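In: Fold the following and give me the result.
(one chain, ligands or ions: 1)
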Amino acid sequence: MRQTLDFLLQDWLGVASLLSRPRFADHSAEIFASVLDTCERIARDKFAPFNRLSDTQEPHFDGERVHLPQATHEAMAAYVDSGMLAAAQDVDVGGMQLPCVIEMAANAFFSKASVAMGGYAMLTSGNASLLMAHGTPLQREVFAKNQFSGRWFGTMCLSEPQAGSSLSDVATRAVPDGDGFEADPLGPRYRLRGNKMWISAGEHEITENIIHLVLAKIPGPEGKPVAGTRGISLFIVPKKLVDERGALTGQRNDVALAGLNHKLGYRGTTNTLLNFGEGKYPVAGRAGAIGYLVGQPGHGLRCMFHMMNEARIGVGLGAVMLGYAGYEVSLDYAKQRAQGRPMTGGGKDPTQPPVPIIEHADVRRMLLAQKSYVEGGLALELYCARLVDELATGAPDAAREAGTLLEVLTPIAKSWPSEWCLEANSLAIQVLGGYGYTRDFMVEQYWRDNRLNMIHEGTHGIQALDLLGRKVVMDGGAGLQLLARRIGATIERAGHVEGLAVPANELAAALQKLGAATKAAWASGVPEEALANATPYLQAFGHVVLAWLWLDVALAARRPAAADASFGAGKHAAMRYFYAYELPKIDAWLGVVSRREVLLREMHDDWF
Ligand SMILES: Cc1cc2nc3c(=O)[nH]c(=O)nc-3n(C[C@H](O)[C@H](O)[C@H](O)COP(=O)(O)OP(=O)(O)OC[C@H]3O[C@@H](n4cnc5c(N)ncnc54)[C@H](O)[C@@H]3O)c2cc1C
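Out: Got it, this is the predicted structure:
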């Protein structure tokens with residue numbers, strides 16, 4: 001994996017060019033490499049050996065406290081020491097001012113080694129980054145900096161038992177805490193009441209405090225909450241109350257753990273149902289959790305989604321790395337496991353010894369499929385992370401373009417690896433045969449861990465609605481047109497290269513079909529008709545994007561700098577696999593989109 005990661009960063013994306021930007025001027029190629037080396041080492045030593053333990057010794061709640069394996073505490077301490085919690089932050093707030101693409105690449109090692117243990121860090125860094133963008137100076141000082149330093153960890157509390165995909169139905173309420181509520185230096189002070197479901201890292205004792213970021217509605221003048229997402233505000237709700245210097249006051253906030261969820265995978269991250277303000281820990285003699293408003297009332301979702309690009313790229317990258325981990329285990333196994341004899345013109349020769357299963361065409365199919373999914377997925381996530389850097393530090397036109405491209409690519413960055421790198425995990429199990437179905441090998445855990453990714457951070461279906469319902473039609477389809485120009489530029493370059501002209505033509509045809517299907521989906525202008533087949537559209541769109549990236553990567557793999565012959569041949573073979581076995585699938589997906597297939601709309605509940 002490291003060789004592919006370095007190739008994608010250096011030879012394909014040319015990350016060294018970022019060094020000419022003022023924000024990254026104090027860095028060097030050696031510093032980028034040493035960050036990757038350090039993270040690779042910590043992940044190998046402190047995360048990977050305990051990944052199984054974090055699964056089998058699931059977090060346990062004894063009614064008072066939540067217990068985690070000691071290894072999780074130690075892994076987190078090593079992560080905190082590495083400084084990665086503030087990797088992308090300014091140097092003057094204690095950060096490393098690294099580009100997003102290097103931060104993501106470095107974090108990839110942790111996702112591969114133990115995605116569940118890495119979950120605590122991802123949430124904390126996301127929480128604190130959000131506060132840097134939207135908090136007051138004191139909120140940044142007290143709540144963000146203490147998370148970047150690893151003194152406290154954080155959560156994101158959006159979901160409720162009755163409000164998952166539809167956050168407009170959030171029922172948690174926030175009311176001003178007394179007359180002087182606006183005078184609190186930590187921010188306008190409210191009392192929150194409600195239940196938050198599925199909250200990852202919602203309870204643990206890794207750190208002395210936990211900073212919850214909570215979505216809740218402030219009742220309007222008639223005492224009723226504003227309907228829809230416009231009524232949602234964002235609050236900082238610490239588990240233990242703190243003063244304006246960041247010292248614990250000794251007073252517990254009214255946030256209580258109702259219980260832990262017992263999950264299919266990702267077991268090393270606690271997952272909680274939290275009760276806010278039910279009176280278990282009254283503050284000043286009253287029920288109600290103390291929360292400090294972040295930003296303006298009613299702007300909660302806007303603040304929360306400020307970090308959406310990074311969060312979704314992070315989820316996609318986690319899915320990729322789980323796929324990668326399974327691919328490597330199954331590749332290794334396929335080289336060792338002897339079974340069956342080759343078919344020859346004269347049939348099989350039982351007197352010959354069995355061959356390693358990697359020699360069977362069907363096993364090669366499963367390995368090549370995995371390779372094309374996980375390496376292609378890695379290219380997708382790094383490309384998107386590089387766009388985040390362009391958006392933040394590029395020249396105005398380039399930054400604008402990066403922002404437009406990110407709009408259309410983010411649903412793909414989140415959803416494509418969630419589906420196809422999960423499929424890679426399933427194929428890894430298949431390569432191991434019966435052994436893959438046991439708990440003696442890690443491949444089953446990788447599959448279970450990865451199964452989450454199609455569910456959280458916007459389900460697959462919701463990402464599909466976002467893509468077809470919003471992203472490809474916004475600004476008159478500007479995002480799709482820009483993407484088509486980028487794809488066209490790769491087609492143009494590849495069209496003149498021996499061995500790449502045929503896939504270049506196939507990609508041109510696929511792009512044309514995608515454009516035509518987008519128009520056909522919206523031809524009647526009726527959203528229900530267009531959107532009933534949004535998920536097949538998402539699948540086709542993702543496959544076209546991946547075919548494009550594979551062609552572009554194959555071009556880069558031919559350059560003399562990437563001269564390792566087997567390495568380059570491997571990239572070319574994975575590209576060929578994707579064009580031969582994967583890209584043709586788009587015809588079936590786009591067929592139902594283009595004809596606005598009516599079945600799903602006509603189906604009656606009582607026909608099931
Ligand atoms: C392990 C785990 C960790 C999580 N961590 C967090 C966390 O830290 N913080 C947090 O806030 N949340 C977290 N979540 C919650 C997660 O974001 C939600 O589970 C997710 O948003 C889906 O909500 P839901 O479970 O209520 O499913 P629902 O919204 O009920 O969806 C069920 C199904 O219906 C489909 N569906 C729903 N609405 C529509 C629609 N309008 N059109 C088409 N299809 C639709 C969905 O696609 C899905 O397939 C976590 C969840 C899990 C399982």
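
In: Any idea how many residues pack against the closest residue to residue 394 other than its chain neighbours?
Out: Excluding the flanking residues, the one nearest residue 394 by C-beta to C-beta, 6 or more residues apart in numbering is residue 402, at 6.0 Å. To be clear about C-beta, it is placed using only N, CA and C from the backbone, and glycine gets the same treatment. Neighbourhood size, residue 402 [other C-beta atoms under 10 Å]: 22.

In: Quickly find the element holding residue 402.
Out: Using DSSP states H and E, residue 402 sits within helix 396-431.

In: Could you pull out the buried residues of that helix?
Out: 399, 401-431 (16 or more other C-beta atoms under 10 Å).

In: mind listing what residue 406 touches?
Out: Residue 406 makes contact with 309, 384, 387-388, 391, according to C-beta atoms under 8 Å, 6 or more residues apart in numbering.

In: got it, and residue 313?
Out: Per C-beta under 8 Å, 6+ apart, neighbours of residue 313: 104, 381, 384-385, 388, 410, 413-414.

In: Reformat those as JSON lines; add pLDDT.
Out: As requested, the contacts of residue 313 are exported to JSON lines (pLDDT from 0 to 100):
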{"residue": "104", "pLDDT": "97"}
{"residue": "381", "pLDDT": "98"}
{"residue": "384", "pLDDT": "97"}
{"residue": "385", "pLDDT": "97"}
{"residue": "388", "pLDDT": "96"}
{"residue": "410", "pLDDT": "96"}
{"residue": "413", "pLDDT": "98"}
{"residue": "414", "pLDDT": "97"}
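
In: Let's have those in a markdown table, adding distance to residue 169.
Out: Below are the contacts of residue 313 laid out as a markdown table (distance: C-beta to C-beta, whole Å):
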| residue | distance to residue 169 |
| --- | --- |
| 104 | 33 |
| 381 | 31 |
| 384 | 30 |
| 385 | 33 |
| 388 | 31 |
| 410 | 24 |
| 413 | 27 |
| 414 | 22 |
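
In: State the number of residues packed around residue 64.
Out: 6.

In: now swap in residue 527 and tell me
Out: Counted with other C-beta under 10 Å, residue 527 comes out at 13.

In: Please apply the same query to residue 551.
Out: 23.

In: Show me which positions of the helix or strand that it is a member of end up buried.
Out: Residue 551 is part of helix 534-556, with elements assigned from DSSP H and E. Residues 534-556 are the ones in helix 534-556 that count as buried (16+ other C-beta under 10 Å).

In: Can you find the helix or strand in the protein with the smallest mean pLDDT?
Out: Lowest mean confidence among the helices and strands of the chain (mean pLDDT, DSSP states H and E): helix 300-304, at a mean of 92.

In: so what secondary structure elements neighbour that one?
Out: Packing partners of helix 300-304 (3 or more C-beta pairs under 8 Å, 6 or more residues apart in numbering; DSSP states H and E): helix 100-134, strand 210-217, strand 232-238.

In: if we can go back for a sec, list the contacts of the residue nearest to residue 394.
Out: Counted by C-beta under 8 Å, 6+ apart, residue 402 has contacts 387-388, 390-391, 394.

In: can you do 7 Å?
Out: Each residue near residue 402 by C-beta atoms under 7 Å, 6 or more residues apart in numbering is listed here: 387, 390-391, 394.

In: ok, now residue 192?
Out: 172, 174, 214, 216, 235, 237, 276-277, 288-289, 291.

In: which SS class is it?
Out: Here residue 192 is recorded as strand under DSSP: H, G, I helix; E, B strand; the rest coil.

In: can you give me how far stretch 382-401 is from the chain middle?
Out: 19 Å (C-alpha atoms, centre = their mean, to the nearest Å).

In: Using CSV, write out every CA atom in that stretch.
Out: The C-alpha coordinates for stretch 382-401 follow below in CSV (Å, rounded to 0.1, in the frame of the first residue of the first chain):
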residue,chain,number,x,y,z
LEU,A,382,-6.8,11.6,-2.4
TYR,A,383,-8.0,13.5,-5.5
CYS,A,384,-10.9,14.9,-3.5
ALA,A,385,-8.6,15.8,-0.5
ARG,A,386,-6.3,17.6,-3.0
LEU,A,387,-9.4,19.6,-4.2
VAL,A,388,-10.0,20.6,-0.6
ASP,A,389,-6.5,22.1,-0.6
GLU,A,390,-7.1,23.8,-3.9
LEU,A,391,-10.3,25.3,-2.5
ALA,A,392,-8.5,26.6,0.6
THR,A,393,-5.2,27.8,-0.9
GLY,A,394,-5.5,27.9,-4.7
ALA,A,395,-5.8,31.0,-7.0
PRO,A,396,-9.3,32.3,-7.1
ASP,A,397,-10.4,30.6,-10.3
ALA,A,398,-8.8,27.3,-9.4
ALA,A,399,-10.4,27.5,-5.9
ARG,A,400,-13.8,28.1,-7.4
GLU,A,401,-13.4,25.2,-9.8
